[in-house]
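Colleague: turn this into a structure:
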Amino acid sequence: MIIGKKIVRLDSIDSTSDEARRRIKNSEGEGLAVIAKRQSRGRGKPGSAWFSPPGNLYLSVVIKPYKNPKDLVPITLLGALAARAMIVSLTKLPVVIKWPNDLRVHGKKIGGVLTERLASGHVIIGLGLNINSERRAFPAELKASATSLKIESGKKFALNKCAASLLRELDCEYLAYLSKV
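Modeller: Down below sits the predicted model:
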């Protein structure tokens, strides 16, 4: 196991990816996973915020591939594939990856992946997944376009179980990626 060999769990943070970056500067490295119950400044695509209320999964992992990837699309896709596999294994919901970093169920966004490459050669894969959000929890501008596992399945999910499953899937996808580089 590479991904998840060190796990940092936080109640609240500005951004799991920012915390991963800070920890890399303090000599943490590949395999680190930062998981938070809430983010105050979660990020989506460049220039957009990620709505991050409690009850969902916010996770960033640190990898350092043998070769510094010039193109982050394959790494972003491995994050999306891992998240899709986790969701399908827990819910059997039909998850579609909207190339390359959005996850959708029944046409609505349930999660996203943001990948950042650092000068050190480390790559941070950040994932935000709507797990237990209620429809009323979404801001007006997201109600028509966003969903959660709870909304789609009618069940509440244990975040620790979701996180453990996602880390396993990320590790499998990363090992498959490394075997091809």
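
Colleague: contacting residues around the closest residue to P139 other than its chain neighbours?
Modeller: Distances taken as C-beta to C-beta, 6 or more residues apart in numbering place F51 nearest to P139, at 6.6 Å, with adjacent residues excluded. (Glycine included, C-beta is placed from N, CA and C.) Applying C-beta atoms under 8 Å, 6 or more residues apart in numbering to F51 gives the contacts 42, 138-139, 142, 146.

Colleague: closest to G107 among these?
Modeller: Nearest to G107 among the contacts of F51: A146, at 10.9 Å, using C-beta to C-beta.

Colleague: just the buried residues of stretch 172-181, please?
Modeller: 172-174, 177 (16 or more other C-beta atoms under 10 Å).

Colleague: show me where the chain has strands.
Modeller: Here the chain has its strands, by DSSP state E, at 6-13, 32-39, 57-63, 95-98, 102-105, 108-117, 123-129.

Colleague: for L78, which of these is the nearest?
Modeller: Comparing the strands of the chain by C-beta to C-beta, strand 123-129 comes nearest, at 7.7 Å.

Colleague: pLDDT value on the residue nearest the centre of the chain, please?
Modeller: Nearest residue to the geometric centre of the chain (C-alpha atoms, centre = their mean): L127, 1.5 Å. Predicted confidence (pLDDT) for L127: 97.

Colleague: I'm done for today, thanks for sticking with me.
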